[in-house]
Every structure is written in C-alpha cells, then in structure tokens.
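**Student:** Any chance you can model this:
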Amino acid sequence: MEQTLIILKPDAMQRGIVGEIVTRFERVGLKIVAAKIVQPSEAHYFEHYETIGKMISRRGQQAFDVTLAFMQEGPVLAMVLEGVEAVSQVRKMVGTTEPKSAAPGTIRGDYSHISFAYADTVKMSIPNLIHASGDADDAAKEIAHWFKSDELFEYNTVHDKYTQAKPHKK
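**Tutor:** Numbers count the residues shown, from 1 in each chain. Sure thing, here's the model as predicted:
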C-alpha cells in the first residue's frame, strides 16, 4: 500500500470544513493511518516547503514568504492516508494547486476559487485548503518530516477487501 501526506491548512480549519474534506477520502476507501493537529514553527514549514518542496524555485520568494506566514495563522491537521496509488488518488481528488483552475468536484474546485494572479497582486497566499504530496518520493520525505514512525498505525478496515485490493481468505 502507498502512503501520502495531506495537511488541512489554516483556512480549512478556520472555515469548519475539515470533516467534509476527510469524509471524501474515507468514502473512496483511503485509510487514515496517522493524524494530529499541530501548529508548527517557521523552521518546520521551511523544511517542508523549501527543503523538500523546492517552492522558491517553483513559485518564487514572494509566494514562499506569504505561504509561510499563512501557514502560521493557526493550527493544521496533518494526516497520512494509505491506499492503492494513494498519492495520485489524493492529487486527483484535491484538484490543481490554483483553486481558480481546479475542476468542479475536486476539493479545491468545490471549496475555493482564488487565482495565482489575484494572490500575487494583493501579496497573499493562496487559501487552497489542503496540501497533498506531489509524488511518492516527496510523500515519503514529508511523512518522515511530520510523523515519527510510532505515530503511524496498521489496522484492518472493512475496505481492505474492496478498496485496498487485499485478497480475501476463502
């Protein structure tokens, strides 16, 4: 099974839509194997967004700075989800990073709408609700950064047979 990290950002927490978002992942059969509410330091976010994510080279210093400030506006819910091709499944469900471009039916398409251009003009971060690991390599690094190994759990669910593709016993 593949694991991926999601972070429900301060805007999701403050808007009170965490349950709706988590429910979407559970309904497709992704298993929550770790979860915690935290309010990390700037150094923790630097490691996440720049050391692992290379945000400055992708979006520029201004986008990085406003993102770090935004992420420190309140607590976040960090979670590890597990499932068949979990990284790509979660990315599909979340939608594109820019909410304006996210398709209806995705989390960002349904709950946010701001464009990069607008955010850049007013020098704000994109309130796009959720971070999702970009690929399996980033997911492994991000999970190790956010969770200790003893915070990840293994357990069975009713989804094991149908959505986790685990063979059933005769």
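**Student:** who does the helix or strand in which residue 44 is found touch, helix- and strand-wise?
**Tutor:** Per DSSP states H and E, residue 44 falls inside helix 42-46. Under the contact criterion of 3 or more CB pairs under 8 Å, 6 or more residues apart in numbering; DSSP states H and E, helix 42-46 touches helix 61-71. From N, CA and C alone the C-beta is placed, and that goes for glycine too.
**Student:** who touches whichever helix or strand comes after the helix it packs on?
**Tutor:** The helix or strand immediately downstream of helix 61-71 is strand 76-83, counting by DSSP H and E. With contacts defined as CB atoms under 8 Å, 6 or more residues apart in numbering, strand 76-83 is touched by 1-10, 12-13, 18, 22, 25, 28-40, 89-90, 143, 146-147, 152, 163-164.
**Student:** Stretch 116-131 too?
**Tutor:** Identification of contacts with stretch 116-131 by CB under 8 Å, 6+ apart yields 5-9, 11-12, 17, 21, 62-63, 66-67, 69-71, 94, 97-100, 102, 107-108, 111-112, 114.
**Student:** and that stretch, what's its mean pLDDT?
**Tutor:** Mean pLDDT, computed over stretch 116-131, is 88.
**Student:** Ok, stretch 100-112 next?
**Tutor:** 95.
**Student:** Mind exporting the C-alpha coordinates of that stretch to PDB?
**Tutor:** The C-alpha trace of stretch 100-112 is given here as PDB (Å, rounded to 0.1, in the frame of the first residue of the first chain):
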ATOM      1  CA  LYS A 100      -9.400  29.000  -9.900                       C
ATOM      2  CA  SER A 101      -8.200  26.200 -12.200                       C
ATOM      3  CA  ALA A 102      -9.400  23.300 -10.100                       C
ATOM      4  CA  ALA A 103     -12.300  21.300 -11.600                       C
ATOM      5  CA  PRO A 104     -15.700  21.200 -10.000                       C
ATOM      6  CA  GLY A 105     -16.000  18.100  -7.900                       C
ATOM      7  CA  THR A 106     -12.500  18.400  -6.600                       C
ATOM      8  CA  ILE A 107     -11.900  19.700  -3.100                       C
ATOM      9  CA  ARG A 108     -10.300  22.900  -4.300                       C
ATOM     10  CA  GLY A 109     -12.900  23.300  -7.100                       C
ATOM     11  CA  ASP A 110     -15.700  22.900  -4.700                       C
ATOM     12  CA  TYR A 111     -14.500  25.000  -1.700                       C
ATOM     13  CA  SER A 112     -12.100  27.700  -3.100                       C
END
